[in-house]
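> No sequence on hand, only this structure:
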């Protein structure tokens with residue numbers, strides 16, 4: 001952008017904060033245990049506040065800030081559902097998944113699939129998710145971060161991307177999850193503070209503030225969108241709560257790895273609740289600026305509209321328009337922090353799955369700690385390089401749509417099998433394998449039929465239909481194949497008694513009770529939906 005410039009103060013703030021994050025990551029790396037558990041799971045010592053902060057930081061990156069803000073500019077507040085609509089999936093994760101993972105001392109999702117079903121299921125997950133992380137999850141993060149900085153500063157996009165990769169890889173590959181968790185906590189604070197400050201400064205430029213924006217375009221300030229809405233149908237969000245959203249929060253290695261590092265079940269649960277509270281504020285950082293930009297350009301006519309095809313430029317244009325010297329540096333430092341957080345989380349999960357579930361199982365069954373850590377560092381580094389090469393192709397699809405559609409198609413077969421594996425002891429190994437492979441075929445058939453008949457169906461509905469058909473397929477095959485041994489599945493089948501042990505047998509005062517804070521979060525969440533329904 002021709003009129004955008006960074007002052008010396010901005011550059012000092014960006015450089016200084018980024019350097020602090022790297023130093024903290026390197027210090028955490030120095031303190032990390034040089035064992036498999038220490039490198040990949042931070043030795044299971046993480047307290048609730050680090051778990052929660054890292055859980056949020058992992059989800060917030062360039063595709064979330066740039067893509068979601070652009071989508072909000074185009075479609076209104078309904079896009080905030082992608083952040084606010086977290087309570088249903090958080091509750092399901094807390095009730096059904098976290099106790100099961102921690103009780104069974106699970107290190108990776110493929111390990112769960114292998115112990116519950118068998119090695120083929122674990123291998124399918126490992127291969128698909130490694131491909132997904134490298135080609136679906138990482139590229140939008142790198143593309144969104146680099147293109148935004150490039151457009152703002154005029155710096156070469158590929159040099160910016162290389163800088164992000166080198167800076168993040170320096171501590172992530174060296175220190176593993178211990179470095180990732182500590183830097184995630186710092187980065188969460190940075191982008192939250194910077195984002196909230198940025199939003200209020202921008203809102204101050206609107207005569208009449210928030211109320212004026214609502215009065216000018218009231219139809220854009222509702223969370224509920226009808227089932228036919230092309231971007232954020234509310235019914236689709238409900239369907240996805242039991243499918244793609246649930247997979248992303250509870251069975252996606254990059255997310256669940258934060259929970260697996262918790263030092264107790266209580267810390268894991270409280271971490272999720274803490275993430276929920278942060279999530280109440282998060283749309284201020286990630287998307288509501290899109291409403292401000294829409295009012296500024298399309299209502300006040302202070303510049304050319306970004307519709308219909310340039311809405312992904314809402315964030316950089318807002319930064320150019322509303323952020324004074326110093327604040328630009330804080331906001332961009334927070335933006336860098338968000339990008340680095342997601343890049344570090346993804347590369348760490350790639351190295352974890354590759355080392356523990358691919359390298360050890362197929363290449364070196366007796367590999368020692370040092371060899372396992374090196375294999376993780378090499379695989380994580382290669383993943384960053386490959387994702388950097390793929391990243392430019394994201395621009396041809398659109399950040400938000402690229403990410404959401406990719407996650408949906410990856411998630412559906414896995415969550416179908418995992419839900420049945422936890423709730424139904426009769427789910428068999430053969431049924432699970434057929435479900436994972438058949439689920440892909442089902443999705444391809446549905447996509448082909450919709451395309452052939454020229455039916456425009458939101459991908460959340462397509463994913464829901466695929467999930468129901470996949471689960472029916474798993475049930476049918478399981479009923480006609482050998483059931484799994486009782487001893488193999490007993491510890492993985494959900495039992496209501498698990499809910500009685502969430503406090504780890506420790507008597508805590510009311511203000512430390514997980515159920516108290518969970519109830520408070522739920523009430524706050526309900527108020528938000530009542531306010532903006």
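That came through, no problem. Note that the coordinates shown come from a computational prediction; the quantities given were computed from them, not determined experimentally. Residues are numbered from 1 along each chain as shown.
> any weak-confidence spans in the stretch 1-150 of the chain?
1-4, 43, 62-64 (pLDDT under 70).
> and with 80 instead?
1-6, 32-34, 37, 41-45, 59-67, 136-137, 140, 144-145, 147-150 (pLDDT under 80).
> again with the stretch 251-400 of the chain
Applying pLDDT under 80 to the stretch 251-400 of the chain picks out residues 312, 338, 361-362, 364-366, 391-400.
> which residues in it form helices?
253-260, 265-286, 289-294, 314-322, 327-353, 369-390, 399-423 (DSSP state H, counting those that start in this stretch).
> Okay, and the residue nearest to residue 246 when sequence neighbours are not counted sits in which element?
In this structure, residue 246 finds its nearest non-sequential neighbour in residue 89, 5.0 Å apart by C-beta to C-beta, 6 or more residues apart in numbering. All C-beta atoms are positioned from the backbone trio N, CA, C, and that covers glycine. Assessed by DSSP states H and E, residue 89 sits inside helix 87-92.
> Give me the packing partners of that helix, helices and strands only.
Judged by 3 or more C-beta pairs under 8 Å, 6 or more residues apart in numbering; DSSP states H and E, the packing partners of helix 87-92 are helix 234-241, helix 244-250, helix 265-286, helix 514-532.
> ok, residues contacting it?
With C-beta atoms under 8 Å, 6 or more residues apart in numbering as the test, helix 87-92 has contacts from 238, 241-242, 245-246, 248-250, 272-273, 275-276, 518, 521-522, 525.
> For these, which two are the farthest from each other?
The distance between the two most remote of the contacts of helix 87-92 (C-beta to C-beta) is 21.8 Å, for 238 and 273.
> Give me the distance between residue 270 and residue 313.
39 Å (C-beta to C-beta, to the nearest Å).
> Which one's more surrounded, these two?
Set side by side, residue 270 and residue 313 show more neighbours around residue 270, with 24 against 20, by other C-beta atoms under 10 Å.
> any low-confidence regions in the stretch 401-533 of the chain?
For the stretch 401-533 of the chain, the stretches flagged by pLDDT under 80 are 401-410, 447, 451, 499-507.
> what do you get if the cut-off is 70, keeping everything else the same?
Checking the stretch 401-533 of the chain against pLDDT under 70 turns up 401-409, 501-505.
> Can you name the residues that contact the residue nearest the centre of the chain?
When C-alpha atoms, centre = their mean is applied to the chain, the residue found nearest the centroid is residue 59 (3.2 Å). Counting by C-beta under 8 Å, 6+ apart, residue 59 touches 255, 342.
> circling back to that earlier point, ok, which of the helices of the stretch 251-400 of the chain comes nearest residue 302?
Of all the helices of the stretch 251-400 of the chain, helix 314-322 comes closest under C-beta to C-beta, at 7.9 Å.
> Return the distance of the closest one from the chain's centre.
Chain-centre distance of helix 314-322: 24 Å, with C-alpha atoms, centre = their mean, to the nearest Å.
> for that helix, packing partners?
When contacts are defined as 3+ C-beta pairs under 8 Å, 6+ apart, helix 314-322 packs onto helix 68-75, helix 138-153, helix 177-203, helix 289-294, helix 327-353.
> on that earlier part again, with respect to residue 469, which of the helices of the stretch 251-400 of the chain lies nearest?
Checking those against residue 469 by C-beta to C-beta gives helix 399-423 as the closest, at 8.8 Å.
> Surely residue 379 touches residue 351?
Yes: Residue 379 is within contact range of residue 351, at 5.0 Å (criterion: C-beta atoms under 8 Å).
> on that earlier part again, between the contacts of helix 87-92, which sits nearest residue 326?
Out of those, the member with the shortest distance to residue 326 (by C-beta to C-beta) is residue 275, at 29.8 Å.
> follow-up on the earlier one: could you measure the residue nearest to the centre of the chain against residue 324, distance?
Distance, residue 59 to residue 324, by C-beta to C-beta: 29 Å.
> go on, residue 174?
For residue 174 relative to residue 324 (C-beta to C-beta), the value is 37 Å.
> More neighbours: these two, which one.
Remark: of residue 174 and residue 324, residue 174 carries more neighbours, 17 against 9, as counted by other C-beta under 10 Å.
> Let me see the contact set for that one.
Taking C-beta under 8 Å, 6+ apart as the contact definition, residue 174 lies against 25, 26, 29, 377.
> what does residue 135 give?
By C-beta under 8 Å, 6+ apart, the residues touching residue 135 are 387, 390.
> So it belongs to a helix, correct?
Yes: read with DSSP: H, G, I helix; E, B strand; the rest coil, residue 135 is one of the residues of a helix.
> which ones are touching residue 437?
Here residue 437 is in contact with 124, 413 (C-beta under 8 Å, 6+ apart).
> Now the host helix or strand of it: buried residues?
Assigned by DSSP H and E, residue 437 falls within helix 429-452. Neighbour counts over helix 429-452 (16 or more other C-beta atoms under 10 Å) mark 429-436, 438-440, 442-443, 446, 450 as buried.
> State the distance from the closest residue in space to residue 484 that isn't next to it in sequence to residue 69.
Nearest residue to residue 484 in three dimensions, chain neighbours excluded: residue 428, at 5.8 Å (C-beta to C-beta, 6+ apart). With the distance defined as C-beta to C-beta, residue 428 ends up 46 Å from residue 69.
> More neighbours: those two, which one.
Using other C-beta under 10 Å, the more surrounded residue of residue 428 and residue 69 is residue 69, with 30 against 25.
> Help me confirm that that one comes into contact with residue 286.
Yes: using C-beta under 8 Å, residue 69 makes contact with residue 286 at a distance of 6.6 Å.
> quick one on the thing from earlier: who has more neighbours out of residue 379 and residue 351?
Set side by side, residue 379 and residue 351 show more neighbours around residue 351, with 28 against 22, by other C-beta under 10 Å.
> Could you pull up the residues touching the more buried one?
Contact analysis of residue 351 by C-beta under 8 Å, 6+ apart lists 40, 173, 176, 375, 376, 377, 379, 380, 383.
> could you dump those to TSV with distance to residue 336?
Formatted as TSV, the contacts of residue 351 follow (distance: C-beta to C-beta, whole Å):
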residue	distance to residue 336
40	26
173	18
176	21
375	29
376	24
377	23
379	25
380	20
383	20
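> Nearest to residue 8 among these?
Using C-beta to C-beta, residue 173 is the member of the contacts of residue 351 that lies nearest residue 8, at 32.2 Å.
> I'd like the distance between that closest one and residue 20.
Distance of residue 173 to residue 20, given as C-beta to C-beta: 19 Å.
> And for residue 341, the neighbour number?
Using other C-beta under 10 Å, residue 341 is surrounded by 30 other residues.
> ditto for residue 230
With neighbours defined by other C-beta under 10 Å, the count for residue 230 comes to 9.
> now it, nearest residue through space, not along the chain?
Once flanking residues are discounted, residue 230 sits nearest to residue 458: 6.7 Å by C-beta to C-beta, 6+ apart.
> count of neighbours near the one you found?
Close neighbours of residue 458, defined as other C-beta under 10 Å, add up to 20.
> got it, and the one 10 residues further on?
The local packing count at residue 468 equals 16, with neighbours defined by other C-beta under 10 Å.
> How about the contacts made by residue 18?
Residue 18 neighbours (C-beta under 8 Å, 6+ apart): 167, 333, 336, 337, 340.
> Tell me which helix or strand it sits in.
If you go by DSSP H and E, residue 18 is part of helix 8-31.
> That helix vs helix 138-153, what angle?
150 degrees (axes from the mean of the first three to the mean of the last three C-alpha atoms, to 10 degrees).
> continuing past helix 8-31, what's the next helix or strand?
Helices and strands here follow DSSP H and E; after helix 8-31, the next one along the chain is helix 36-41.
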